[in-house]
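S.K.: Curious how this folds, go ahead:
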Amino acid sequence: MNGNDVDYMDIFNRGATEKIYWAVSAGLCLDVERFRFNFRSDASYMDMANPDNDKSREMDDWANSRVGKETACRVVKDTLCCIRSLAPYATSGHDLRHILFKDVTEALRFAKEDRVSGYRKWFLVSALWHDVGRLLESHFDHLDIAKEKRINHAIFSYGVCKEFLENYNMPYALKKHILYAVVGHSGLNVETFIGRATQRADRLQTVGPEGFLRAVGYDIAVANMRLKTKANEAFKTTLPPLQKIQDAFHISEFFLRNMLENIGRFPQDRENHLKMISCGILYMASDDAVREQIFYPELTVYERGRAASFLSPNKPVLKASVWRNAINEVRKREQKEVQSVPPDDFELEDLLFEALSAPGNAPLREREQINFRRQIELLGSQSRARLAQGVRLACDWQKRMDEDDQAFLAEYLNETGPDSIQGLIAQNALDISGWSSSNNRAQLNSEASRRLSRAP
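M.R.: Predicted structure coming up:
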């Protein structure tokens with residue numbers, strides 16, 4: 001068995017044994033290594049540096065043709081059907097909410113703002129497929145395989161997507177662009193437009209309310225990391241590599257401080273708004289000691305007026321506007337919060353489970369609920385109280401942003417029509433989000449205009 005002769009969809013329907021895992025993994029890793037080498041060896045694929053080349057023009061001509069548009073619609077329809085059929089394998093943080101609602105809404109917003117056209121619009125397909133490997137990965141979760149020995153989920157995504165695309169008659173170069181975007185989405189910036197656009201949509205889900213709640217859901221419940229943040233003086237000025245972080249709060253901090261440069265006409269405005277929300281939620285959810293540890297650079301520079309020396313490159317000071325706006329949000333929230341007795345373990349557990357039950361979220365499995373309960377038991381009274389405040393703030397922001405997304409999707413669906421690839425993805429995202437046709441679309445669009453007019 002190797003990466004070229006595996007029926008990946010069949011793996012979902014049969015026992016996930018360790019033998020199958022290692023056979024599939026070994027073959028896939030070799031296949032991906034060869035694919036990446038061959039792709040990067042052809043300069044005509046590097047369309048960020050050389051956007052106007054013969055290969056790009058040929059793909060544009062095909063994508064804009066009747067056959068190209070019909071193929072795009074078939075591919076999107078079949079992709080949506082396939083991913084929804086795999087919902088039973090989803091885990092918190094990598095579920096239909098992330099893959100088919102939040103991530104693709106960000107992708108559609110970018111496609112509209114930047115007027116993406118031609119073959120480049122096919123980044124919407126790679127945005128759909130990028131995390132399908134997480135579903136296959138979860139199929140092997142019960143195996144006793146050390147985390148450091150498991151292969152990257154993006155490699156699994158590549159394998160499933162490659163098998164899927166073989167069913168369609170489309171330019172080989174375009175298939176390679178999609179696969180390169182899928183396999184490279186979770187790393188450093190890639191050299192192609194489709195790849196960078198896919199990365200942009202995915203990265204923006206690591207900050208804001210989605211980023212915090214996904215960290216709580218996936219890193220604690222699924223990956224069995226710590227909810228309690230241990231005291232570590234070194235973490236005031238530096239952070240370990242992402243793969244070595246063992247608690248959810250520092251995972252959130254890492255993404256907050258280390259967003260790689262994204263493409264787009266307005267990337268900084270969107271990023272700064274989401275980072276402000278992340279900063280406020282994380283600050284409010286942390287007890288005094290954790291606040292000092294996580295936000296040492298900002299507390300030192302902006303609140304105490306001193307220089308923050310010896311900061312490592314992966315612990316840069318947040319922008320003053322991000323910090324100030326976040327603290328203002330926290331102060332307003334604290335004035336509204338009624339002082340009460342810290343929640344007990346059961347109350348906090350109910351609050352967390354409810355927070356992870358937004359439309360499209362995968363339900364927590366029994367083992368994941370046990371992981372949660374174990375971590376909650378380790379928290380002190382101040383930690384429980386602050387976490388509850390932070391989670392409530394995250395849920396409020398999540399609700400507001402879901403409403404914004406629904407309004408945008410409804411408006412974009414009207415603009416593009418239900419039979420375009422944008423319309424197909426938008427309608428599916430609305431379905432996942434819990435939106436129904438009985439909603440007043442005009443009211444949603446009016447709400448979107450009102451909210452977006454006051455967004456940074």
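S.K.: Give me the mean pLDDT for the lengthiest helix in the chain.
M.R.: Longest helix in the chain by number of residues, with DSSP state H as the criterion: helix 381-416. Helix 381-416 carries an average pLDDT of 95.
S.K.: List the contacts of the next helix or strand along the chain from it.
M.R.: Following helix 381-416 in sequence order, the next helix or strand is helix 421-433 (DSSP states H and E). Outside of helix 421-433, the residues within contact range by CB atoms under 8 Å, 6 or more residues apart in numbering are 72-73, 76-77, 80, 84, 96-97, 100-101, 104-105, 107-108, 111-112, 121, 124-125, 128, 359-360, 402, 405-406, 409-410, 412-413, 416-418. No exception for glycine: its C-beta is placed from N, CA and C like everyone else's.
S.K.: any idea how far H139 is from C82?
M.R.: Using CB to CB, to the nearest Å, we find C82 at a distance of 15 Å from H139.
S.K.: The closest residue in space to R386 that isn't next to it in sequence: what's it in contact with?
M.R.: The spatial neighbour of R386 that comes closest, neighbours along the chain excluded (CB to CB, 6 or more residues apart in numbering), is D287 at 5.1 Å. If you count contacts by CB under 8 Å, 6+ apart, D287 has them with 380, 382-383, 386.
S.K.: Narrow those residues to just the buried residues.
M.R.: For the contacts of D287, a burial check counting by 16 or more other CB atoms under 10 Å picks out 383, 386.
S.K.: Need the contacts of D287 in a markdown table (columns: distance to K19).
M.R.: Shown next, in a markdown table, are the contacts of D287 (distance: CB to CB, whole Å):
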| residue | distance to K19 |
| --- | --- |
| G380 | 45 |
| Q382 | 49 |
| S383 | 43 |
| R386 | 46 |
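S.K.: what's the residue nearest to N232 when sequence neighbours are not counted sitting at in phi/psi?
M.R.: Leaving aside its sequence neighbours, N232 sits nearest to Q293 (CB to CB, 6+ apart; 6.8 Å). Here is the backbone geometry of Q293 (degrees, to the nearest 10): phi -80, psi -50.
S.K.: Pick out whichever of the contacts of D287 sits closest to H153.
M.R.: Nearest to H153, judged by CB to CB, of these is S383 at 30.9 Å.
S.K.: Tell me who's in contact with the closest one.
M.R.: Applying CB under 8 Å, 6+ apart to S383 gives the contacts 228, 287, 290.
S.K.: Recalculate using a threshold of 6 Å.
M.R.: Residues near S383 by CB atoms under 6 Å, 6 or more residues apart in numbering: D287.
S.K.: next one: Y21
M.R.: Y21 is in contact with F140, counting by CB under 6 Å, 6+ apart.
S.K.: What pLDDT does the model give it?
M.R.: Looking at Y21, its pLDDT reads 75.
S.K.: Surely it forms part of a strand?
M.R.: No: with DSSP: H, G, I helix; E, B strand; the rest coil as the criterion, Y21 is located in helix rather than a strand.
S.K.: Would you mind measuring from it to W323?
M.R.: According to CB to CB, Y21 and W323 sit 44 Å apart.
S.K.: what does G417 give?
M.R.: If you go by CB to CB, the gap between G417 and W323 works out to 43 Å.
S.K.: ditto for L242
M.R.: Distance, L242 to W323, by CB to CB: 22 Å.
S.K.: Between these two, tell me which one has more neighbours.
M.R.: Taking other CB atoms under 10 Å, L242 and W323 do not tie; W323 has more neighbours (23 against 12).
S.K.: Excluding sequence neighbours, find me the nearest residue to D54.
M.R.: Counting by CB to CB, 6+ apart, S44 is the residue found nearest to D54 once chain neighbours are left out, at 6.9 Å.
S.K.: was I right about that neighbour contacting R57?
M.R.: No: using CB atoms under 6 Å, S44 is not in contact with R57; the gap is 10.4 Å.
S.K.: What ranges in the stretch 301-450 of the chain fall below the confidence cut-off?
M.R.: For the stretch 301-450 of the chain, applying pLDDT under 70 flags the ranges 338-341, 436-450.
S.K.: go again using 90 as the cut-off
M.R.: 308-310, 332-347, 367, 372, 435-450 (pLDDT under 90).
S.K.: next one: the stretch 101-250 of the chain
M.R.: Judged by pLDDT under 90, the stretches of the stretch 101-250 of the chain that qualify are 133, 135-153, 156, 187, 219, 221-224, 230-231, 243.
S.K.: what ranges do the strands span in the stretch 51-200 of the chain?
M.R.: Using DSSP state E, counting those that start in this stretch, no strands are found in the stretch 51-200 of the chain.
S.K.: Next, name the residue at the spatial heart of this protein.
M.R.: Nearest to the mean C-alpha position of the chain, by CA atoms, centre = their mean, lies Q205 at 3.7 Å.
S.K.: about what we covered before: compute the distance from the centre of the longest helix of the chain to the centre of its chain.
M.R.: In terms of CA atoms, centre = their mean, to the nearest Å, the centre of helix 381-416 is found 15 Å from the chain centre.
S.K.: Flag every buried residue along that helix.
M.R.: Across helix 381-416, burial judged by 16+ other CB under 10 Å covers 383-395, 397-398, 401-413, 416.
S.K.: Stretch 78-91 too?
M.R.: Neighbour counts over stretch 78-91 (16+ other CB under 10 Å) mark 79-80, 83, 86, 89-91 as buried.
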